[in-house]
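Student: With the sequence up front, the predicted model follows.
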Amino acid sequence: MEIKELKKLISLMNENGLVELEVSSEGHKVVLKKAGPVVAAAPMTYAPAPYSVGAAAAAPAAAPAAAPKAQGDDTVTFNSPMVGTFYRASSPKDAPLVKVGDKLTPDTVICLIEAMKVFNEIKAEMSGTVVEVLVENQEAVEFGQPLFLIKP
């Protein structure tokens with residue numbers, strides 16, 4: 001088949017709104033297909049999964065993550081400053097960084113949060129005593145999720 005014949009077939013496709021044309025002639029087979037419109041994929045967005053901790057420990061989404069939220073019984077909630085995986089110790093064989101009853105200073109590292117393969121040391125940023133640990137080791141945590149109850 002010659003170029004002139006192919007151009008005629010392409011014109012025939014365009015004039016009749018065809019997207020595919022198959023022609024057999026003299027033992028030769030020609031298949032012409034138009035490419036469909038290119039559609040860009042919609043960008044993916046991340047929506048954090050809701051979590052339920054209970055009404056007393058829930059923190060408003062607008063509050064800064066590390067800022068403690070006062071509780072009714074003179075304890076404050078220490079919230080996660082980021083999304084990631086919560087770790088109580090530096091390695092599986094080590095003791096937890098803090099336990100219930102431990103005294104804290106503002107520089108005390110109370111946990112690690114792994115985000116994007118980076119382990120981030122999370123400091124207490126306040127003085128007080130650990131009253132309760134609200135999440136399990138190696139649990140996924142959300143931004144602003146309550147991690148500890150601390151008595152200042």
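Tutor: Great, that's in hand.
Student: For burial, what's the neighbour tally of residue 116?
Tutor: Using other C-beta atoms under 10 Å, residue 116 has 8 neighbouring residues. Just so you know, the C-beta spots here come from the backbone N, C-alpha and C atoms, and that holds for glycine as well.
Student: Residue 139 too?
Tutor: Using other C-beta under 10 Å as the criterion, residue 139 is surrounded by 13 other residues.
Student: wait, isn't it in contact with residue 84?
Tutor: No - with contact defined as C-beta atoms under 8 Å, residue 139 does not reach residue 84; the gap is 10.2 Å.
Student: Sketch out the low-pLDDT regions of the chain for me.
Tutor: 1, 35-73 (pLDDT under 70).
Student: one more time with 50, if that's ok
Tutor: 47, 49-71 (pLDDT under 50).
Student: can you give me the helices for it?
Tutor: 3-16 (DSSP state H).
Student: Could you break it into its assigned domains?
Tutor: 3-33, 69-151 (automatic domain parsing).
Student: Please work out which of these is packed deepest.
Tutor: Ranked by mean neighbour count under mean count of other C-beta atoms under 10 Å, these are led by domain 69-151, which reaches a mean of 16.
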